[in-house]
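> Next one to model:
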Amino acid sequence: MLILSAIKRVPDDVRKHFEQTFDEVEFLFCHGMDEAEEYLPGADVFVTYGEDLNKERIQMAKQLKWIMVLSAGMDRMPFSEIDQQDILVTNVRGIHAKPMAEYALSMILQVARNAKMLTNREKEHKWDRRVPMQEINQRTMVLLGTGAIAQETARLARAFQMKTIGVSRSGKSKDYFDETYNVEEINQALEAADYLVAALPSTSGTRYLLNREHFRKMPSHSVFLNMGRGDLVKSEDILDAVRSGDVAHAVLDVFEEEPLPENHVFWDEENITVTPHLSGISPHYIPRGFELFERNLKAYLKNGKLENVIDPKRGY
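This is a model prediction of the structure:
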């Protein structure tokens, strides 16, 4: 069995651990797809971020039985071809929870404590104690999605005695949420949102789920934070909601077009904070991803049950 990896900069200790733990398996660690592509026809298992796969590469991979995607979002993968070749797909859903939850709380606190204005005052050498300050204590956070990322964000929010409301397809109760609603009840949740945090993948059910009318349902002091996917809501709807005062601030880590163009209006909008799709970045990301892969590989070799199996027909 050949396990091919196209993940760049896999730590040496991770490589050695796999080679020593699974001596019956051949591992080939490549530095990206350009280096890995020639080995795809002989690979049984492929470890990838997913974005480097296309129809032609899947068709090349005649022996491929399993794709381990070291990402949670897989909206660019050629699932039709993957399904036709009956290839198993798993991902690392859940390993982003800690860094993304920390990102969400850090950004919310920066808005509440007016970090942008304080930074500007510091640059101006201006002592200004009139800079407005807010607390997030006992406010209400509404989260779109109730998966691992949203649950960890809600858990941290509770440290600030925030009320947490989750919105999901099923509306089922989940840990760390005071209330949960299904998508059809979203307006009821939005009316209570001091903070609206989106941590949704890009699927047929989430693309442009939010629109201009949803922002009108929210309190005028509310903050919208999107760290899921940029196609949750149109850029013009966010801009209009901020400029009209329907929401007080938007924190955006994901966008309809990435990288965000240098001349995009978001960069200079005072009440929009732009970050370059880094909410999930962590020095622990690759080790955590390979820890999950190791658990799945042990199960795979024993014909056991794998974690995070993806339905290629649905893409998640």
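> where exactly do the helices run in the stretch 201-316 of the chain?
Along the stretch 201-316 of the chain, counting by DSSP state H, counting those that start in this stretch, helices occupy 212-217, 235-243, 285-301.
> could I get these as CSV with distance to L144, mean neighbour count and mean pLDDT?
Quick note: C-beta positions are derived from backbone N, CA and C, even for glycine. Below are the helices of the stretch 201-316 of the chain laid out as CSV (distance: least, C-beta to C-beta, whole Å; neighbours: other C-beta atoms under 10 Å; pLDDT from 0 to 100):
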stretch, distance to L144, mean neighbour count, mean pLDDT
helix 212-217, 10, 16, 98
helix 235-243, 14, 17, 98
helix 285-301, 23, 18, 97
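> how about these, which one is nearest K55?
Across the helices of the stretch 201-316 of the chain, K55 has its closest neighbour in helix 285-301 (24.6 Å, C-beta to C-beta).
> Against which helices or strands is the closest one packed?
Counting contacts by 3 or more C-beta pairs under 8 Å, 6 or more residues apart in numbering; DSSP states H and E, helix 285-301 packs against helix 12-21, strand 45-48, strand 66-69.
> How about the contacts made by the nearest residue to A97 once chain neighbours are set aside?
Closest residue to A97 apart from its sequence neighbours, by C-beta to C-beta, 6 or more residues apart in numbering: E152 at 3.9 Å. By C-beta atoms under 8 Å, 6 or more residues apart in numbering, the residues touching E152 are A97, K98, M100, A101, Y176.
> If we use 10 Å, what do you get?
94, 96-102, 104-105, 175-176, 199 (C-beta atoms under 10 Å, 6 or more residues apart in numbering).
> That one belongs to a strand?
No. Under DSSP: H, G, I helix; E, B strand; the rest coil, E152 falls outside any strand and is assigned helix.
> those strands in the chain, which residues are they?
Along the chain, counting by DSSP state E, strands occupy 2-5, 26-29, 45-48, 66-69, 88-91, 140-144, 163-168, 179-182, 195-198, 223-226, 249-252, 272-274.
> Got the confidence number for Q85?
Q85 is assigned 97 on the pLDDT scale.
> can you offset everything so residue one is 166?
New numbering, starting at 166: the last item is Q250.
> That one - how many residues pack around it?
Residues near Q250, counting by other C-beta atoms under 10 Å, number 13.
> Roughly how far does it sit from I232?
Per C-beta to C-beta, to the nearest Å, Q250 is found 10 Å from I232.
> Spit out the residues that contact those two alike.
By C-beta under 10 Å, 6+ apart, Q250 and I232 have these common neighbours: I223, A226, P477.
> quick check, nearest of the residues you listed to E350?
Nearest to E350, judged by C-beta to C-beta, of the shared contacts of Q250 and I232 is P477 at 30.2 Å.
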